[in-house]
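Peer 1: Pasting the sequence and the predicted model now:
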Amino acid sequence: MDSQYLRRTYVDDLGGVRLHARDKEREARPMHDLTATTQERDGPFFSDVVGGLSRVQKTLPCRWLYDERGSDLFEAITRLPEYYPTRAETEILADRASEIAEFAGEDAVVVEYGAGAGVKTELVLDSLCAPQGYVPIDIAEEYLLQTAERMASRFPGLWVRPVACDFVQAFDMPPGIPPGRRIGFFPGSTIGNLDRADAETFLRQMWRHVESGGGAIVGVDLLKDVDVLLRAYDDHEGVTAAFNLNILSRINRELGADFRPERFRHEARWNEADKAVEMHLVSLAEQSVAIGERAFHFRHGETIHTESSRKYDRTGFASVAAVAGWDLAHVWDDSEGRFCVFALVASDDASIHGFPAAA
Ligand code: TRP
């Protein structure tokens, strides 16, 4: 069994909460053991950080923003007055509960990508008629397990099987999923954090997961006034700044680097060509940062690009979905027209997925 597989552990015993791969790692390497730092230096976090900081435009892949503190800060972001997407999407899911139930049908199995704290999931599972199963997928394992346990006790009889992995990479559904129509659930405009190619790859993978005839419910933030967009990613309390800067502390802690986070500041920028809000960390001085043997130089004002949040219009998103094999069933928006929830059906045109069509 390869280590990739171990990283994507299926947590198959909710009562006992077994995280096979991680538990083994923990036993072998206590958290505050200094050798842990060196050992992490051949893992995926290290290679992503070194690779990203070696580029002309330095980058850090956004999935590493979500350690435990990052996940907590992100939950705080969703409650900020400036951050409208969560409220707008929650409003849609609540107002359209009966239409969503009708769309999903009876006995649905919900597969959620980037489950996080699962607040919206509860709304959806509550709306559905006799849901049979729930497969939450998230890279932040602690959060994932808490969410899985909460859903299992909140919906007795629901088959719950969390999957700890990065959902952008290829992975299969866990075995033993109850029969029933599968509905992919991808809220939070997380689709906007993927570039065009990755969004398409993701949508194709979700198609494969729900199988032909399955459905999807996808939350998408809409293009709007740039000032409103930028405020949502640069709040006056500085929570988003703390969230973004937290990745530097994580690199220090887990990879033994010597970033001084106070020498960087958070910035949200609008990229008109990509129709995206970009999050950057701007170096406040000329400086060098060491990670093990390696040194990374920063010019004054140079940035690390940590995340993009692309904004769509309705037809733009529908056409990305169509290319990946999804037919549009419904589009719902909030009362202020800021955010959309798309209901999609996996079309059975197999040729889209590279399989030869039956003669
Ligand atoms: N999916 C969220 C979004 O694009 C993620 C997000 C919100 C985010 N605020 C952020 C990511 C700040 C990085 C920094 O809206």
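Peer 2: Okay, I see it.

Peer 1: Let me know the secondary structure of V56.
Peer 2: Counting by DSSP: H, G, I helix; E, B strand; the rest coil, the backbone at V56 sits in coil.

Peer 1: mind checking how far it is from the ligand?
Peer 2: Computed as Cβ to the nearest ligand atom, to the nearest Å, the V56 to the ligand distance reads 22 Å. Bear in mind the C-beta positions are built from the backbone N, C-alpha and C, glycine included.

Peer 1: One more: T59?
Peer 2: Separation of T59 from the ligand (Cβ to the nearest ligand atom): 13 Å.

Peer 1: Ok, R269 next?
Peer 2: 12 Å.

Peer 1: any idea how far G188 is from that residue?
Peer 2: The gap separating R269 from G188 is 21 Å, by Cβ to Cβ, to the nearest Å.

Peer 1: Looking at these two, which one has more neighbours?
Peer 2: A side-by-side neighbour count of R269 and G188, using other Cβ atoms under 10 Å, places G188 first with 20 against 16.

Peer 1: from memory the more buried one sits against Y83, does it?
Peer 2: No: counting by Cβ atoms under 8 Å, G188 does not reach Y83; the two are 10.8 Å apart.

Peer 1: Show me what counts as buried in stretch 105-117.
Peer 2: Residues of stretch 105-117 classed as buried: A108, V109, V110, V111, E112, Y113, G114, A115, G116, A117 (neighbour count, 16 or more other Cβ atoms under 10 Å).

Peer 1: export it as PDB, just CAs?
Peer 2: What follows is stretch 105-117, C-alpha atoms only, in PDB (Å, rounded to 0.1, in the frame of the first residue of the first chain):
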ATOM      1  CA  GLY A 105     -34.600  12.900  -4.600                       C
ATOM      2  CA  GLU A 106     -35.200  10.300  -1.900                       C
ATOM      3  CA  ASP A 107     -32.400   8.200  -0.400                       C
ATOM      4  CA  ALA A 108     -29.600  10.400  -1.600                       C
ATOM      5  CA  VAL A 109     -25.900   9.900  -0.600                       C
ATOM      6  CA  VAL A 110     -24.200  13.300  -0.100                       C
ATOM      7  CA  VAL A 111     -20.500  13.600  -1.000                       C
ATOM      8  CA  GLU A 112     -19.100  16.800   0.400                       C
ATOM      9  CA  TYR A 113     -15.800  18.300  -0.900                       C
ATOM     10  CA  GLY A 114     -14.000  20.500   1.700                       C
ATOM     11  CA  ALA A 115     -16.400  19.700   4.500                       C
ATOM     12  CA  GLY A 116     -14.900  22.000   7.000                       C
ATOM     13  CA  ALA A 117     -17.200  22.600  10.000                       C
END
